[in-house]
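Colleague: okay, here's the prediction I keep looking at, along with the sequence it came from:
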Amino acid sequence: MEFVQGTSRRIHFFASRLKYSRLMRVSLVKDEAVESLVRTLAEHLASWGGRPLLCVFDRPKTIALQWRKNAEVTEWNPIFAYATLELGVGVELCWPYRAQQKGSVENLVGFVKSSFFKVRRFHDEEDLGQQLQAWHGEVNEQRPCRATGVIPAVRWAEERPRLRPLKVQPEDLALRIPVYVGPTGTVLHEGHAYSMPPEAISMPATLYLYGQRVRIVAGRYEAEHPRKFVAHEGSSLAEHRAALVAAVSGKRGRRYLKRQQLLELGEPAIRYLTEIVHRRPGQWFQDVDRLHAILQSHGPEVLRRAMEAGLQAQVFGAFYVERCLQPGLNFAEAVQ
């Protein structure tokens, strides 16, 4: 899409339509990955007020990985298969030789392109979203469908009682992903590290991926974290950090583990600790002990902000961070 303001970008969309009423939903999505597909499908089912017996799809790799010449699927995308099982919908795939099915799916995509994207101009992406919302009202509630001669919303009133209740709401839909608890007691997913109890190290696990959180289960050990989206950002629970430090033998080993846990806070922590080590090569371990105590008591976000303020003010040491956290004193006042 080329916008009026001069910028351009590739737009991905997910389109669905109820067979009887021809009620249509179109959503802008960030990509064509399996997570975008199943989460948007769940949102569309919820907007219809229920789920049909069967959902017919085209045949992308996000759904089917392998199939025989007779159209029988021999390997489903496991994330898609589990999600549709959770949603409680049957799945049927189009086959190139079944013109009616294939044409129905392709006609839906072509209709959206020809009647919306190709005949309108958009100032920017926000304007595109607003026009798409208004277009939904036109095609679903104002104009009769060419195939039935009836406004889709009218037939939807007849169709809706036949839809079955959703087994899971969109916000509660979890994708099930096999993972492994690494030697540092963390699970990696899409570049983000999530902590687990040290007893779970080296165990196979299952990561349940929700829209805004993750739940990890490894045998009898379980942990829940807020989902991270910023590149290289992770989530470490205080009880996991404490248990991992306690599991390490020797004062020197525990101290280096504390430093490693501080460094995992990201670039501000790396720069801040580097300055401390260079400025106080013989006493840096004392700062590490005190900073780690702050991490455990106040959490990573508070400590990260204090370190960022210290870098900006060029004041380095646990004493500064501790002063920042005094009640009624902000970061700027702590420098004075």
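Modeller: Right, received. Where do you want to start? Residues are numbered from 1 along each chain as shown.

Colleague: for this protein, which segments count as helices?
Modeller: Using DSSP state H, the helices of the chain run over residues 34-48, 78-87, 99-112, 125-137, 152-159, 238-247, 251-263, 267-279, 284-298, 300-313, 318-324, 331-335.

Colleague: make TSV out of the ones you listed and add distance to S202 and mean pLDDT.
Modeller: C-beta: built from backbone N, CA, C; applies to glycine. Output for these, formatted as TSV (distance: least, C-beta to C-beta, whole Å; pLDDT from 0 to 100):
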stretch	distance to S202	mean pLDDT
helix 34-48	27	95
helix 78-87	23	92
helix 99-112	45	66
helix 125-137	45	94
helix 152-159	52	94
helix 238-247	13	88
helix 251-263	17	84
helix 267-279	27	88
helix 284-298	25	90
helix 300-313	25	89
helix 318-324	34	86
helix 331-335	41	52
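
Colleague: could I get the ones you listed as a markdown table with mean neighbour count?
Modeller: As requested, the helices of the chain are arranged in a markdown table below (neighbours: other C-beta atoms under 10 Å):
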| stretch | mean neighbour count |
| --- | --- |
| helix 34-48 | 20 |
| helix 78-87 | 18 |
| helix 99-112 | 14 |
| helix 125-137 | 14 |
| helix 152-159 | 17 |
| helix 238-247 | 16 |
| helix 251-263 | 16 |
| helix 267-279 | 17 |
| helix 284-298 | 18 |
| helix 300-313 | 18 |
| helix 318-324 | 19 |
| helix 331-335 | 15 |
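
Colleague: and those as CSV, adding distance to G182?
Modeller: Compiled in CSV, those are given as follows (distance: least, C-beta to C-beta, whole Å):
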stretch, distance to G182
helix 34-48, 23
helix 78-87, 21
helix 99-112, 42
helix 125-137, 38
helix 152-159, 49
helix 238-247, 12
helix 251-263, 13
helix 267-279, 20
helix 284-298, 20
helix 300-313, 19
helix 318-324, 29
helix 331-335, 34
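
Colleague: so for P198, which of those sits nearest?
Modeller: Comparing the helices of the chain against P198 with C-beta to C-beta, the closest turns out to be helix 238-247 (4.7 Å).

Colleague: what's the closest one packed up against?
Modeller: helix 251-263, helix 284-298 (3 or more C-beta pairs under 8 Å, 6 or more residues apart in numbering; DSSP states H and E).

Colleague: of those helices, give the one that comes closest to V89.
Modeller: Nearest to V89, of the helices and strands packed on helix 238-247 and by C-beta to C-beta, is helix 251-263 at 43.4 Å.

Colleague: packing partners for the closest one?
Modeller: helix 238-247, helix 267-279, helix 284-298.

Colleague: sorry, back to before: which one of the helices and strands packed on helix 238-247 lies nearest to E171?
Modeller: Proximity to E171 (C-beta to C-beta) singles out helix 284-298 among these, at 29.4 Å.

Colleague: which residue lies farthest from the center of this structure?
Modeller: Residue farthest from the centre of the chain, counting by C-alpha atoms, centre = their mean, is G282 at 43.4 Å.

Colleague: quick test: name the residue nearest the centre of the protein.
Modeller: G211 (5.0 Å).

Colleague: out of everything not next to it in sequence, what's closest to that residue?
Modeller: Closest residue in space to G211, ignoring its immediate chain neighbours: E171 at 6.0 Å, by C-beta to C-beta, 6 or more residues apart in numbering.

Colleague: now G219
Modeller: For G219, the spatially nearest residue (C-beta to C-beta, 6+ apart) is M203, at 5.7 Å.

Colleague: what about that neighbour, distance to V248?
Modeller: 19 Å (C-beta to C-beta, to the nearest Å).

Colleague: equivalent analysis for E75, please.
Modeller: For E75 relative to V248 (C-beta to C-beta), the value is 43 Å.

Colleague: run through the residues that contact H292.
Modeller: With contact set as C-beta atoms under 8 Å, 6 or more residues apart in numbering, H292 has these partners: R241, V245, K258, R259, Q261, L262.

Colleague: one more time with 6 Å, if that's ok
Modeller: By C-beta atoms under 6 Å, 6 or more residues apart in numbering, H292 lies in contact with K258.

Colleague: heads up, I number from 46, so please use that
Modeller: Happy to do that; since the first residue is 46 now, the last one works out to H337.
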